[in-house]
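[1] Quick one: sequence and predicted model below, then my questions.
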Amino acid sequence: MPTGGKKNPVESFEHETVTVKSTISGRDWELPGMWNRMFEQRVIFDYDTAVMEKIVELEGGESLDWCYGCGKCIPVCPVDIVGEYGPRKVHRKVQTGVDLFNDPDLWLCTTCMNCLRVCPKEVDMIQIMPAVREVAVSEGNVPSELQDVFQNTFRYGNALGESPRKRHAWTKGAGVDVKVLPSDPSPVDVLFYVEDYWSYHPRGHDAAQACARIFAALGIDYGILGPEEKTLGDSQRLAGEKGLFEALMEDVVATLDKYEFKRIVTPDPHGFNALVKVYPTYGHEYEVLHYTQLLAPLVDKIEWKSEANYKVTFHDPCYLGRHNGEYDAPRTLLQAIPGVELVEMGRCRENGYCCGGGGGAMWLDSFTGNHTVERLSERRVKEAAEAGADVLAVCCPYEVSRFEDAAKSTGNETLLVKDIVELMDEAMGNGSQA
Ligand code: SF4
Ligand code: SF4
């Protein structure tokens with residue numbers, strides 16, 4: 001070991017030389033020994049290559065073997081920041097024979113896409129992980145908490161295992177009429193696809209009700225599917241349940257076919273991603289907007305009645321930002337709210353940190369907690385607090401409850417977590433009607 005702060009000097013040594021005969025001129029060439037290796041077959045490593053071969057044969061798994069170990073992915077991987085993980089590390093483990101199909105690493109990736117953003121070789125964990133997970137799911141190697149979600153989704157059409165009849169119970173507390181298409185199937189401009197967490201989670205209800213009041217104030221002609229809505233299932237797909245996703249899609253498309261609408265609007269970036277990127281690959285094309293994209297162009301029409309005097313920082317959802325390139329619509333809305341001072345966290349926009357809920361990780365908190373030193377959501381609320389924010393603003397239904405829990409567990413109880421529509425609703429003077 002070096003002592004006294006000095007490195008041991010490198011010992012120089014002479015390479016052996018080798019003489020090769022040119023096949024063109026017939027002359028002899030002397031080459032240093034370091035080049036000899038180019039002319040002989042060598043054993044490169046002594047590991048079992050079967051797992052790597054099995055992965056690269058999967059549709060979507062090919063790119064794992066393209067990694068050349070540059071390491072660019074590691075500092076941007078949100079899981080590595082709270083653990084020991086990242087594409088290069090996964091590649092290296094598989095290269096040395098680790099069976100990813102049966103390894104906890106398989107379930108840690110949130111498919112946030114930050115590695116793909118920087119990878120020079122386009123090693124695509126958004127394809128690799130679902131492909132490997134699909135095999136693991138078919139072999140029954142699934143963390144139990146995720147298996148429960150798959151079963152709930154299969155049985156009830158939502159991840160929370162709630163009754164389809166309660167899908168639109170939230171509308172009762174909105175204080176405005178919400179058209180439920182199965183009861184009133186007349187044509188609408190917007191089919192509002194509420195998705196699971198705004199439909200069933202109590203904090204999701206707050207946002208859904210605020211959104212309904214904003215839609216009413218702006219005169220938006222819309223309807224919801226109510227008891228006929230089923231989750232679009234994008235996170236289940238990324239967690240390896242492609243079959244379940246496809247079965248859901250068949251039901252969703254059949255339901256959508258029953259109604260007349262011009263465009264679909266959803267608050268859920270995961271559902272948005274499915275409709276924009278995955279449904280068209282099966283031949284189902286719709287005009288689709290995230291709710292921030294619907295509202296941002298209408299912001300000048302809003303009558304503000306009071307100020308929302310907060311220092312607000314915004315968390316870019318991975319599936320709205322990096323996956324689908326929308327960074328501005330949420331900020332347009334926040335900056336239009338009187339009283340809001342928008343401050344950015346160090347990691348934002350393209351390099352936004354993941355909340356820890358993507359790719360099925362929403363339902364793997366206990367599992368992930370056993371393999372990381374801190375939850376990703378905890379890390380993120382600390383960043384929001386460090387930015388000096390009073391409010392961490394979100395626009396993904398997964399995030400309010402994740403970040404509220406994290407604010408409590410990290411001692412940042414004074415940090416409020418609010419959906420953008422809740423802040424807008426407050427400044428529009430609507431308030432909760434529940
Ligand atoms: S950035 Fe890409 S090529 Fe570089 S180590 Fe990561 S996965 Fe491998
Ligand atoms: S997609 Fe995100 S979580 Fe998964 S390996 Fe890449 S950076 Fe890490």
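    Received, thanks. Numbering: from 1, shown residues only. Ligands and ions are numbered 1, 2, ... in the order given.
[2] check contacts around the residue in the stretch 251-400 of the chain that ligand 1 sits nearest to.
    As assessed by C-beta to the nearest ligand atom, ligand 1 sits closest to residue 351 within the stretch 251-400 of the chain, at 14.4 Å. Backbone N, C-alpha and C define where each C-beta goes, glycine included. Residues near residue 351 by C-beta atoms under 8 Å, 6 or more residues apart in numbering: 76, 114, 117.
[3] helix or strand right after the helix or strand containing the last one?
    The reference is to residue 117. Here residue 117 is covered by helix 114-118, with elements defined by DSSP states H and E. Moving toward the C-terminus from helix 114-118, the next helix or strand (DSSP H and E) is helix 125-138.
[4] what's the following helix or strand after that following helix?
    helix 144-156.
[5] distance between that next one and the chain's centre?
    19 Å (C-alpha atoms, centre = their mean, to the nearest Å).
[6] So which elements touch it?
    Applying 3 or more C-beta pairs under 8 Å, 6 or more residues apart in numbering; DSSP states H and E, we find helix 144-156 packed against helix 234-238, helix 242-256, helix 365-369.
[7] which parts of it are buried?
    By 16 or more other C-beta atoms under 10 Å, the buried positions in helix 144-156 come out as 146, 149, 150, 152, 153, 156.
[8] for stretch 349-359, same thing?
    Within stretch 349-359, the residues scored as buried using 16+ other C-beta under 10 Å are 352, 353, 354, 355, 356, 357, 358, 359.
[9] want to try CSV for the buried residues of helix 144-156, with pLDDT and distance to residue 170 as columns?
    Below are those laid out as CSV (pLDDT from 0 to 100; distance: C-beta to C-beta, whole Å):
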residue, pLDDT, distance to residue 170
146, 97, 26
149, 98, 21
150, 98, 25
152, 98, 19
153, 98, 20
156, 98, 17
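[10] ok, so of these, who is nearest ligand 2?
    The closest of these, once distances to ligand 2 are taken by C-beta to the nearest ligand atom, is residue 146, at 16.1 Å.
[11] related to what we said a few turns ago, can I get the buried residues of helix 144-156 in a markdown table including distance to ligand 1?
    Supplementary listing: the buried residues of helix 144-156 in a markdown table, determined by distance: C-beta to the nearest ligand atom, whole Å:
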| residue | distance to ligand 1 |
| --- | --- |
| 146 | 25 |
| 149 | 29 |
| 150 | 29 |
| 152 | 34 |
| 153 | 31 |
| 156 | 38 |
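[12] ok, back up a step: between the buried residues of stretch 349-359, which is nearest ligand 2?
    residue 354 (6.2 Å).
[13] Just confirm the closest one is within a helix.
    No: secondary structure assignment (DSSP: H, G, I helix; E, B strand; the rest coil) places residue 354 in coil, not in a helix.
[14] Which helix or strand in this structure has the lowest average pLDDT?
    Sorting the helices and strands of the chain by mean pLDDT, DSSP states H and E puts helix 33-36 at the bottom, at a mean of 58.
[15] Next, please give the residue ranges for the strands of this protein.
    Counting by DSSP state E, the chain has strands at residues 17-21, 28-32, 188-192, 222-223, 261-266, 288-290, 311-314, 341-342, 391-394, 416-419.
[16] can you put those strands in TSV and add mean pLDDT?
    Listed next are the strands of the chain as TSV, based on pLDDT from 0 to 100:
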stretch	mean pLDDT
strand 17-21	75
strand 28-32	76
strand 188-192	98
strand 222-223	98
strand 261-266	98
strand 288-290	98
strand 311-314	98
strand 341-342	98
strand 391-394	98
strand 416-419	98
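[17] now these as JSON lines including mean neighbour count?
    Converted to JSON lines, these look like this (neighbours: other C-beta atoms under 10 Å):
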{"stretch": "strand 17-21", "mean neighbour count": "11"}
{"stretch": "strand 28-32", "mean neighbour count": "11"}
{"stretch": "strand 188-192", "mean neighbour count": "21"}
{"stretch": "strand 222-223", "mean neighbour count": "22"}
{"stretch": "strand 261-266", "mean neighbour count": "19"}
{"stretch": "strand 288-290", "mean neighbour count": "23"}
{"stretch": "strand 311-314", "mean neighbour count": "22"}
{"stretch": "strand 341-342", "mean neighbour count": "15"}
{"stretch": "strand 391-394", "mean neighbour count": "24"}
{"stretch": "strand 416-419", "mean neighbour count": "23"}
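[18] now those strands as TSV including distance to ligand 2?
    Output for those, formatted as TSV (distance: least, C-beta to the nearest ligand atom, whole Å):
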stretch	distance to ligand 2
strand 17-21	43
strand 28-32	40
strand 188-192	30
strand 222-223	34
strand 261-266	22
strand 288-290	21
strand 311-314	20
strand 341-342	25
strand 391-394	19
strand 416-419	22
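[19] So what's the gap between the helix holding residue 117 and the chain middle?
    Its chain's C-alpha centre and that of helix 114-118 lie 13 Å apart, by C-alpha atoms, centre = their mean.
[20] hey, which of the helices and strands packed on helix 144-156 is tucked in deepest?
    helix 234-238 (a mean of 27; mean count of other C-beta atoms under 10 Å).
[21] what about the helix holding residue 117, near ligand 2?
    Yes: interface with ligand 2: helix 114-118 contributes 114, 115 (C-beta under 6 Å from any ligand atom).
[22] Give me the buried positions along that helix.
    Using 16+ other C-beta under 10 Å as the test for burial, helix 114-118 gives 114, 115, 116.
[23] residues in contact with the residue of the stretch 201-350 of the chain found nearest ligand 2?
    Residue nearest to ligand 2 within the stretch 201-350 of the chain: residue 318 (7.8 Å; C-beta to the nearest ligand atom). Residue 318 sits next to 110, 111, 112, 113, 114, 269, 352, 354, 355, 358 when contact means C-beta under 8 Å, 6+ apart.
[24] Was I right to think residue 176 contacts residue 216?
    Yes: counting by C-beta atoms under 8 Å, residue 176 does reach residue 216; the two are 4.0 Å apart.
[25] still on that earlier bit, want to try a markdown table for the contacts of residue 351, with pLDDT and distance to residue 129 as columns?
    Shown next, in a markdown table, are the contacts of residue 351 (pLDDT from 0 to 100; distance: C-beta to C-beta, whole Å):
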| residue | pLDDT | distance to residue 129 |
| --- | --- | --- |
| 76 | 97 | 16 |
| 114 | 98 | 14 |
| 117 | 97 | 16 |
